[in-house]
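Asker: Have a look; sequence and predicted model below, questions after that.
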Amino acid sequence: MKKILVIASMMLLGFSGAYAVGTVAGTQVQNSVTLNYTVGGIGQTAINANDGAGFLVDDKVDFTVANNDGAQITVTPGSTGQITNWTLANTGNAAQFFKLAATNLTGGEIVYGNADTADTSTPYTITYSTDGGTTYNPYTPGTAFSVAIGASVLIRVAADIPLSVTNGQVMNIQLEATAAVDAGGTTLTATSGPDNIGSVDIVLAEGTGITTQGNTPFDGKFSAWGGYIVQSAALAVTKTSCVISDPVNGTTNPKRIPGAVLRYQIQVANTGTSGATSVTVADAIPTEFGTSAANLDVRSAVCPAISSGVCGAKTGTVETNAGTTGAGTSSVTLDYAAVAAGDTNCGYIEVTIQ
């Protein structure tokens, strides 16, 4: 399979200009000669000769594929129908059928400076445009469509992104075009043996001089690489506890005895590159605390360190979304709302040991 670095002249979306292709395949070429001479100083009748029927120009199958995006497409986990953009150009000397196949790269391949570390969901949805991007036609895998001499088509490959991928992962993919005999998608092969002067031979000429990214010239296939990079929230939750008071010691060196009031600190940190919204933490209160949960709030700060298991002062500004959802029941929910990239919020729940 062949791959190609992005060619700047083909990165214009909607580009469908003509390419220089040479003499059209099937053109009949004839040549003749004229013999002039004299005898005894007198010019004689010219003698003409030709090469009979001449020959037919053979079919030089030449084409390229390029990714138009210039970088990985930014996506989030679980998103669907994420589009990458490509161009297939027919640089041969005949109209040519092509079939397409999009696949995940196997792992580690570097595209736009980023190594492949994950896979998209498959199968892909492929569409193509022959009018510069005004309309796109659905492509049926295994079939082929015709591209005129010197023309190009725009291609979109849409992929679904797994919910399991994480911030910073890269999913590089490949789009491969294969020259075909007809719309049925039968792969085109080169004419073997010596030249057939009276017929149009097939010569696979694609990929001349291109050896980057695994390119193998002259096999009737041409591929390019593109892909996706994940930008997402990366949340982590940490839960610790401390003692506020007990019935014997009060707030002086309190212990965890029945009647003691504990404070749970639940810290949510976002180390990703995107903010997270609708962030909630559900806490099923153990039976040892009965239905004593109270004083719930969320602060825009890192939870303060606990010294010797004794609670200090709460820190940070109370968030506008802080509430007491479920307080006084056996299950409570802390509403952190939105946690921006790089932010950390601290939530509090206070309970009494029964």
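Answerer: That came in fine, so what should we check first? Numbering: from 1, shown residues only.
Asker: Next, residue 288: secondary structure please.
Answerer: Three-state secondary structure (criterion: DSSP: H, G, I helix; E, B strand; the rest coil) places residue 288 in helix.
Asker: could we number from 326 for the rest of this?
Answerer: Let's use 326 as the start, then, which means that last one is residue 613.
Asker: Could you check the pLDDT of it?
Answerer: As predicted, residue 613 sits at a pLDDT of 91.
Asker: ranges for the strands of the stretch 526-675 of the chain?
Answerer: Read by DSSP state E, counting those that start in this stretch, the stretch 526-675 of the chain holds these strands, from start to end of the chain: 527-529, 546-555, 560-570, 586-595, 601-609, 619-624, 656-664, 669-677.
Asker: quick one, what contacts residue 582?
Answerer: Contacts for residue 582 were tallied using CB atoms under 8 Å, 6 or more residues apart in numbering; they are 571, 572, 573, 678. Just so you know, the C-beta spots here come from the backbone N, C-alpha and C atoms, and that holds for glycine as well.
Asker: Determine which two of these are furthest apart.
Answerer: Between any two of the contacts of residue 582, the greatest separation by CB to CB is 12.5 Å, found for 573 and 678.
Asker: more neighbours, these two?
Answerer: Neighbours around residue 573 and residue 678, counted as other CB atoms under 10 Å, are more numerous at residue 678. The numbers are 19 against 11.
Asker: any idea how far residue 581 is from the more buried one?
Answerer: Note on residue 678: its distance to residue 581, by CB to CB, to the nearest Å, is 6 Å.
Asker: tell me, what's touching the two both at once?
Answerer: Between them, residue 678 and residue 581 share the contacting residues residue 587, judged by CB under 8 Å, 6+ apart.
Asker: and residue 429, which of the strands of the stretch 526-675 of the chain is closest to it?
Answerer: strand 546-555 (9.1 Å).
Asker: Just confirm residue 443 contacts residue 492, I think it does.
Answerer: No. Using CB atoms under 8 Å, residue 443 is not in contact with residue 492; the gap is 11.3 Å.
Asker: Quick check: neighbours shared by those two?
Answerer: residue 555.
Asker: Let me know the closest of the contacts of residue 582 to residue 383.
Answerer: The shortest gap between residue 383 and any of the contacts of residue 582 belongs to residue 678, at 90.2 Å (CB to CB).
Asker: Quick check: that closest one vs residue 587, distance?
Answerer: Between residue 678 and residue 587 the distance, using CB to CB, works out to 7 Å.
Asker: what touches both of those two?
Answerer: With contacts taken as CB under 8 Å, 6+ apart, residue 678 and residue 587 have 581, 614 as neighbours in common.
Asker: one step back: so which of the contacts of residue 582 belong to helices?
Answerer: Assignment to helices by DSSP state H places none of these there.
Asker: Distance of the closest residue to residue 551 other than its chain neighbours relative to residue 548?
Answerer: In space, not counting the residues next to it along the chain, residue 551 is nearest to residue 392; the distance is 3.6 Å by CB to CB, 6 or more residues apart in numbering. Applying CB to CB, the value for residue 392 to residue 548 is 10 Å.
Asker: Please apply the same query to residue 380.
Answerer: Residue 380 sits at a distance of 34 Å from residue 548 (criterion: CB to CB).
Asker: which of those two has more neighbours?
Answerer: Per other CB under 10 Å, whichever of residue 380 and residue 548 has more neighbours is residue 548, with 23 against 18.
Asker: State the distance from the more buried one to residue 364.
Answerer: Residue 548 is 66 Å from residue 364, where distance means CB to CB.
Asker: before we move on, what about residue 450?
Answerer: Residue 450 sits 78 Å away from residue 364, going by CB to CB.
Asker: more crowded one of these two?
Answerer: More neighbours sit around residue 450 than around the other of residue 450 and residue 364, counting by other CB under 10 Å; the figures are 15 against 7.
Asker: Confirm for me that that one is in contact with residue 483.
Answerer: Yes. Applying CB under 8 Å as the test, residue 450 and residue 483 come out as touching, 4.3 Å apart.
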